[in-house]
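Chemist: Turn this into a model:
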Amino acid sequence: MVKKLSLGYEKIHACENDYTLFYGDDKDLENCKYCELSRYKDATNGGSDTIPRKILRYFKITPRLQRLYMSSHTAQHMKYHKNKIVTEGVLSHPAYGEEWKEFDKNYPDFAADIRKIKLGLAIDGFPPYSNATCTVYSVWPVVLLVYNLPHTMSMKDPYIFIILLVPEPNDPGRNLNVYLRPLIDELISLWQVGVQTYDACTKTNFIMRAALLWTINDFPGLGMVSGWSTHGKMACHVCMGEVKAKQLPHNRKSNFYGLHVGFLDKRLRSRPKGRIVRNMCAGITFPPPGKPHSKERADGFGDSHTWIHITSFFNLPYGDSLRLRHRIDVMHTEENVFDNIFHTIICSAKTKDTTRSREDLKAMGIMQELFMNGRHRPRARYELTRDQLKLLCKWVHRLKLPDGCSSNLKRCCKIAQLKFQGMKSHDCNVFMQKILSFAFRELLPDDIYKVLCDL
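Modeler: The predicted structure is shown next:
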């Protein structure tokens with residue numbers, strides 16, 4: 001559909017074992033130079049067509065960014081970050097943030113021209129097949145966000161660009177670096193050289209340059225992109241092992257309960273710059289990429305560090321100076337917090353208040369009123385009774401919301417079964433706000449209601 005606008009994509013063959021891409025100097029190789037596996041599948045039915053084993057689809061950044069300046073409408077909006085109206089105390093655009101200002105301070109030549117572009121990158125996986133009987137498969141899109149635009153445009157569909165489509169039966173893990181190589185090469189070119197671009201607003205040509213400020217992921221994706229594993233006792237990527245979690249004896253999960261004092265240390269709350277992180281990784285020998293080495297770990301993993309690889313974003317010329325290199329996606333955090341609190345209160349199948357959790361409370365010596373009494377599980381104050389749950393369901397069925405605020409919450413509530421299901425991530429945020437403002441105020445004790453409001 002977009003090929004005639006010079007906005008097509010490039011197919012890059014990849015090793016089936018994720019060792020390397022057939023790209024750059026290796027684009028003409030017939031076999032992987034690491035595992036010697038052929039880049040093509042064996043021909044079937046006597047055919048002569050060669051079918052690659054794995055294909056990375058790469059949508060180049062440069063022509064898509066140039067198009068934003070070729071339109072007089074979008075070219076004017078691309079300068080919003082400089083001409084914005086600042087409302088004191090309101091953070092509505094990344095340009096208000098400290099990281100944006102710090103970047104401009106470190107690179108004044110780049111910041112001098114307001115047409116220079118600042119980008120964000122979001123990475124996540126999803127199953128493309130909805131049929132439950134089909135083979136489990138996931139695909140990993142890499143999405144580009146343009147922060148020069150107003151906040152009312154930068155998060156809209158027409159201005160969110162898919163850059164990479166990483167094919168994988170499962171998540172690529174630390175092999176994600178292999179597939180990011182063409183993206184990193186183009187980002188380096190856009191920073192060091194730039195490209196001549198026509199500005200339809202001023203009707204002049206200029207050298208367009210771009211910089212990547214950060215990546216956005218959910219918490220598991222953060223480990224793949226940043227290189228610091230988000231599993232285990234040193235999962236916190238801010239303190240990087242200075243505060244170690246304790247493992248719960250029954251749930252076998254990492255728990256930071258009682259260790260919050262450590263996070264109040266200003267030294268731990270300030271993220272180390274890239275050059276400090278690079279020095280931390282300099283003395284670590286990492287296993288090579290590829291599926292055969294996916295279970296291998298560097299020496300000292302789990303004891304002095306949890307590095308699984310050095311992220312390829314450090315290859316960017318400005319990568320060492322970035323403080324906020326990787327961010328956690330707010331949407332996933334909202335949904336997870338809502339699910340954990342809400343389903344625990346209504347005692348659904350997704351509740352976190354399980355028998356094992358009660359046993360862990362006893363092992364930690366807290367909340368004695370919730371200890372298991374043999375096989376008897378005492379009822380918690382925050383659990384809704386059947387009558388209270390019925391009242392909540394009826395209230396949701398009567399709830400009316402403005403158009404565009406959320407989807408129809410009525411369909412998520414099953415009065416006959418007293419169940420809630422099928423809520424989307426945005427619905428969770430809206431639903432939590434409405435419940436805290438009315439339903440829980442009527443149903444819960446004052447102290448529990450206050451705790452929920454604070455959350």
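Chemist: Pull out the buried positions in stretch 316-324.
Modeler: 316, 318-319, 322, 324 (16 or more other CB atoms under 10 Å). Where you see a C-beta, it was placed from the backbone N, CA and C, and this is true even at glycine.
Chemist: do the same with stretch 380-388
Modeler: Buried residues in stretch 380-388 (16+ other CB under 10 Å): 382, 384, 388.
Chemist: likewise stretch 139-148?
Modeler: Applying 16+ other CB under 10 Å to stretch 139-148 flags 140-142, 144-148 as buried.
Chemist: Ok, stretch 35-44 next?
Modeler: Across stretch 35-44, burial judged by 16+ other CB under 10 Å covers R39.
Chemist: Just the CA coordinates for that stretch, please, in CSV.
Modeler: The C-alpha coordinates for stretch 35-44 follow below in CSV (Å, rounded to 0.1, in the frame of the first residue of the first chain):
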residue,chain,number,x,y,z
CYS,A,35,26.7,-22.7,12.9
GLU,A,36,27.1,-23.5,9.1
LEU,A,37,23.3,-23.9,8.7
SER,A,38,22.0,-23.0,5.3
ARG,A,39,20.0,-19.8,5.1
TYR,A,40,17.4,-21.6,2.9
LYS,A,41,15.1,-24.4,3.5
ASP,A,42,15.3,-27.6,1.4
ALA,A,43,13.2,-27.4,-1.8
THR,A,44,10.0,-29.5,-1.6
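Chemist: show me where the stretch 1-150 of the chain has helices.
Modeler: Listed in chain order, the helices found in the stretch 1-150 of the chain under DSSP state H, counting those that start in this stretch are 61-70, 72-77, 80-83, 98-106, 108-112.
Chemist: which residues are contacting the shortest one?
Modeler: Looking back up the chat, that one is helix 80-83. Identification of contacts with helix 80-83 by CB atoms under 8 Å, 6 or more residues apart in numbering yields 93-95, 114, 118, 147-150.
Chemist: What's the ChimeraX line that selects buried ones from those residues?
Modeler: To isolate the buried members of these in ChimeraX, using 16+ other CB under 10 Å:
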select :93,94,95,118,147,148,149,150
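Chemist: hang on, the earlier thing: can I get the helices of the stretch 1-150 of the chain in CSV with distance to F126 and mean neighbour count?
Modeler: Output for the helices of the stretch 1-150 of the chain, formatted as CSV (distance: least, CB to CB, whole Å; neighbours: other CB atoms under 10 Å):
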stretch, distance to F126, mean neighbour count
helix 61-70, 22, 18
helix 72-77, 28, 16
helix 80-83, 30, 16
helix 98-106, 28, 14
helix 108-112, 34, 12
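Chemist: Indicate which one of those helices is closest to P127.
Modeler: Across these, P127 has its closest neighbour in helix 61-70 (26.5 Å, CB to CB).
Chemist: where's C35 relative to P52, distance?
Modeler: Per CB to CB, to the nearest Å, C35 is found 15 Å from P52.
Chemist: Can you list the residue ranges for strands in the stretch 1-150 of the chain?
Modeler: Shown for the stretch 1-150 of the chain, the strands assigned by DSSP state E, counting those that start in this stretch span residues 10-13, 40-41, 51-52, 55-58, 117-123, 138-146.
Chemist: quick one: which of those is nearest R209?
Modeler: strand 117-123 (7.2 Å).
Chemist: what residue ranges in this structure score low on pLDDT?
Modeler: 43-49, 85-86, 130-135, 260-273, 424-445, 447-455 (pLDDT under 70).
Chemist: Now do the buried residues in the helix ranked longest in the chain.
Modeler: Assignment by DSSP state H gives helix 330-345 as the longest helix of the chain. For helix 330-345, burial by neighbour count (16+ other CB under 10 Å) applies to 331-332, 335, 338-339, 341-345.
Chemist: Equivalent analysis for stretch 242-262, please.
Modeler: By neighbour count with 16+ other CB under 10 Å, stretch 242-262 contains the buried residues 243-245, 248, 254.
Chemist: for those, which one is nearest L29?
Modeler: When those are ranked by distance to L29 (CB to CB), S254 comes first, at 42.9 Å.
Chemist: Can you verify my assumption that the closest one contacts A245?
Modeler: Yes: contact between S254 and A245 holds when scored by CB atoms under 8 Å: they sit 3.9 Å apart.
Chemist: So for those two, which residues contact both of them?
Modeler: Both S254 and A245 are contacted by 232-233, 235, under the criterion CB under 8 Å, 6+ apart.
Chemist: Give me the buried subset of these.
Modeler: For these, buried by 16+ other CB under 10 Å: 233, 235.
Chemist: Including distance to I184 and secondary structure, could the shared contacts of S254 and A245 go into a markdown table?
Modeler: Compiled in a markdown table, those are given as follows (distance: CB to CB, whole Å; DSSP: H, G, I helix; E, B strand; the rest coil):
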| residue | distance to I184 | secondary structure |
| --- | --- | --- |
| G232 | 28 | coil |
| K233 | 31 | coil |
| A235 | 26 | coil |
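Chemist: Which one of the buried residues of stretch 316-324 is nearest to R275?
Modeler: Closest to R275, out of all of these and judged by CB to CB, is G319, at 9.0 Å.
Chemist: unless I'm mixing things up, that closest one is touching I310, no?
Modeler: No: under the criterion of CB under 8 Å, G319 makes no contact with I310, lying 10.6 Å away.
Chemist: Ok, which of the helices of the stretch 1-150 of the chain comes nearest R174?
Modeler: That would be helix 61-70 among these, by CB to CB, at 23.8 Å.
Chemist: That closest one packs against which elements?
Modeler: Under the contact criterion of 3 or more CB pairs under 8 Å, 6 or more residues apart in numbering; DSSP states H and E, helix 61-70 touches helix 72-77, strand 138-146, strand 160-168, helix 181-192, strand 195-199, strand 204-208.
Chemist: export the longest one as CSV, just CAs?
Modeler: Yep, that's helix 181-192 we're talking about. Provided in CSV are the C-alpha atoms of helix 181-192 (Å, rounded to 0.1, in the frame of the first residue of the first chain):
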residue,chain,number,x,y,z
ARG,A,181,21.6,-4.3,14.1
PRO,A,182,20.1,-2.6,11.0
LEU,A,183,18.1,-0.2,13.2
ILE,A,184,21.2,0.7,15.2
ASP,A,185,23.2,1.3,12.0
GLU,A,186,20.6,3.7,10.7
LEU,A,187,20.3,5.6,14.0
ILE,A,188,24.1,6.1,14.0
SER,A,189,23.9,7.4,10.4
LEU,A,190,21.0,9.8,11.3
TRP,A,191,23.1,11.2,14.2
GLN,A,192,26.5,11.5,12.6
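Chemist: And the contacts of it?
Modeler: 10, 12, 21, 23-24, 56, 58, 60-62, 65, 142, 163-164, 208-212, 312-313, 315-318.
Chemist: Neighbour count says what about those residues? Which are buried?
Modeler: 12, 21, 23, 56, 58, 60-61, 65, 142, 163-164, 208-212, 312-313, 316, 318.
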